[in-house]
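[1] Structure for this input, please:
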Amino acid sequence: MACWGQPWRVLIVLSLSIRVDGQGQPMAESQVPPGLREWIGLDFCGEERWVQFHGTLSGVVRHFNSRDFATALRGLGELLAETARSTQVAFGCATAVMSALALAAQCCDHLQLPVLATRFRQLSAIFGSYDYQMKGEEYIDQSPWPINWKQNMEGILRSMSFLKQQELQLEPWRGLPARSAAEQFPNRREDSQRIAIVTVCDYDPTQTPLARLSKLNRDAYAKLHGYDIVMYDKAPLFTDGLTYLTEKTRPPAWSKVDALLETLAKDQHDWVMWLDCDSFFMDTEVRLEDLLRIAQSKCPADPGDAERLKELVQKWQAGPQQAPDDLLEWYDNLLDSYVSWDQSCDSLETPRDAPSNRTLGWDDWLFKEKRVQLVASEDGLMLNTGVMLARASVWSWAFFQKVRWMTFGRSPVTQHPWWEQTAMVYLLQFPFVLAAATDPDYAKSQGYATAWSALGQKTINGYPPLVSSALLTHTTFEPGDFIVSFSGCKIYSSQEVCNQLFLNYFFQVHSLPALADDPALQPWL
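    You can find the predicted model right below:
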């Protein structure tokens, strides 16, 4: 990226001429899904709040240009905290937020805070990708905000590459397949867990064998280890007193949140695993308890709060006895009466003064919990939600409800190109990074919620070379790895090629003769 000094001097001159109209070429209307159509080209950057944001940002830049990076970072943290408390506001001028986050990352570079710099760049990608979809690359590059889409994304990939190398040096097991990684940690085979594997497979069986292959793969793996399978052939919709707030045009990808909540509500499991339909278990000897042992190695296992969760769910589903003045507030009050947290792990840091918004989910239950409640990997860009394990706990219920709440009403997050991944990062990372920007003692933290254990991608889910070579951000699956994921295959290849890829990997772990007479597979064999 060009030097911040000169572009910002130009920007300050233009501070009162921010364009209200969209820039760049919009997507052809015939290609736009109905729910997305109303957001294409919308630009609120001309509103007074963004003129003020711009003015405050120009003052921060003066500190940056004077090489007072600590003051600049603190100013950016305060500016962004006020804006980010509302997703509606923050995505209203996403390129502005993107540019402020990118500047914060550069402050961290100068202050020798590489982890925090990476976290800020990840967040800048969240906002940049939104405007990239809604308005186009030209809009970002030609806007008054000094940011370039391609250069910013390249910066994120460089930061993540450095971070992954650093993690590998500190924890070499991250470069090992799951079976080998698990051997690095004490084995407690007696600690068997009640685990459900949840999947939504809404695919046309005349176009792909994926749904059938996925079911056979999960059934075999679950039978081997005593797990339960919860498989939907249509996207579920979680039903409670708030369901009416869900947009009818919500993309199907959000259904994983509903499926997880439905399974948590059953009160039958200790952990719930989400596994994308286009993922297969490849090393079937690896137990999910092995992953949990790795994930919980820094903090003793949570004994669980199953009874509290059961009671909470019962009251949640029953709803208020009388219509409250504010229904969301009623559910928030109910959550507050059940949430608790454990801070016994002294080695893990939590923020002292994070920005708060109870309805959004930025609250003490999120900030202060230290024991692992969520297990997922980071790919070469950020949190990967294709494979996740969630503890059956009040924390998980609160977390996924807040993820779901981000789709209520007319929400920009609903139509974000990264769907639930965006909402999860907004909770797990954004307030923690902002807290680190204003608190020097917290600045060297991991930059995300301590309740999330971020395992290495190789430990959980690699990708076939066809996908990993195109995406550049995903680890390549190798023989001996635990799970293979095909997400992104159709973007870079045809359905026919993807189908052959599914079959090829599936029959590396399943017997072709034993399944030759399966009616659903016969057309594909």
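[2] Skipping adjacent residues, who's closest to D342 in space?
    Distances taken as Cβ to Cβ, 6 or more residues apart in numbering place R371 nearest to D342, at 4.9 Å, with adjacent residues excluded. Every residue, glycine included, has its C-beta placed from N, CA and C.
[3] quick one: the one you found and C299 touch, right?
    Yes: at 5.3 Å, R371 counts as touching C299 under the criterion of Cβ atoms under 8 Å.
[4] Out of these two, name the residue with the larger neighbour count.
    R371 (24 against 19; other Cβ atoms under 10 Å).
[5] tell me the phi and psi of the more buried one?
    The phi/psi pair for R371 (degrees, to the nearest 10) reads phi -80, psi 150.
[6] quick one: pLDDT of it?
    R371 carries a pLDDT score of 91 in this model.
[7] before we move on, what about L348?
    70.
[8] Also the one 5 residues further on?
    Among the per-residue scores, D353 holds a pLDDT of 84.
[9] which residues do R371 and C299 both contact?
    Here R371 and C299 have 344-345 as joint contacts, going by Cβ atoms under 8 Å, 6 or more residues apart in numbering.
[10] quick one: which helix or strand includes E82?
    helix 69-84 (DSSP states H and E).
[11] so what does whatever helix or strand comes next after that helix touch, helix or strand wise?
    Sequence order places helix 87-90 as the next helix or strand after helix 69-84, per DSSP H and E. Under the contact definition 3 or more Cβ pairs under 8 Å, 6 or more residues apart in numbering; DSSP states H and E, helix 87-90 sits against helix 69-84.
[12] Now tell me what touches the helix it packs on from outside.
    53, 56-57, 59-61, 63-64, 89-90, 97, 100-101, 103-104, 107-108, 110-111, 355, 426, 430-431, 434-438, 440.
[13] can you check stretch 228-236 too?
    194-202, 211, 214-215, 218-219, 222, 252, 255, 258-259, 262-263, 268-269.
[14] what mean pLDDT does the strand or helix carrying G386 have?
    Using DSSP H and E, G386 maps to strand 383-391. What strand 383-391 shows for mean pLDDT is 96.
[15] Note down every partner strand of it and its orientation.
    Here strand 383-391 is paired, per DSSP bridges, with strand 271-275 (antiparallel), strand 374-378 (antiparallel).
[16] same for whatever helix or strand comes next after it, what does it pack against?
    Using DSSP H and E, the helix or strand that directly follows strand 383-391 along the chain is helix 394-405. Packing contacts for helix 394-405, counted by 3+ Cβ pairs under 8 Å, 6+ apart, involve helix 255-264, helix 306-318, helix 327-336, helix 364-368, strand 383-391, helix 419-428.
[17] Could you list the buried residues of helix 394-405?
    By 16 or more other Cβ atoms under 10 Å, the buried positions in helix 394-405 come out as 394-405.
[18] Same check on stretch 466-480?
    Residues 466-468, 471, 473-477 are the ones in stretch 466-480 that count as buried (16+ other Cβ under 10 Å).
[19] pull the CA atoms of stretch 349-362 into CSV?
    Extracted in CSV, the C-alpha atoms of stretch 349-362 (Å, rounded to 0.1, in the frame of the first residue of the first chain):
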residue,chain,number,x,y,z
GLU,A,349,-6.2,-13.3,29.5
THR,A,350,-9.6,-11.6,29.2
PRO,A,351,-10.2,-7.9,28.4
ARG,A,352,-10.7,-5.5,31.3
ASP,A,353,-12.6,-2.9,29.4
ALA,A,354,-14.2,-4.2,26.2
PRO,A,355,-16.9,-2.3,24.3
SER,A,356,-20.3,-3.6,25.3
ASN,A,357,-23.7,-4.0,23.7
ARG,A,358,-25.9,-6.6,25.4
THR,A,359,-28.3,-7.1,22.5
LEU,A,360,-25.4,-7.6,20.1
GLY,A,361,-23.7,-10.1,22.4
TRP,A,362,-20.8,-8.0,23.6
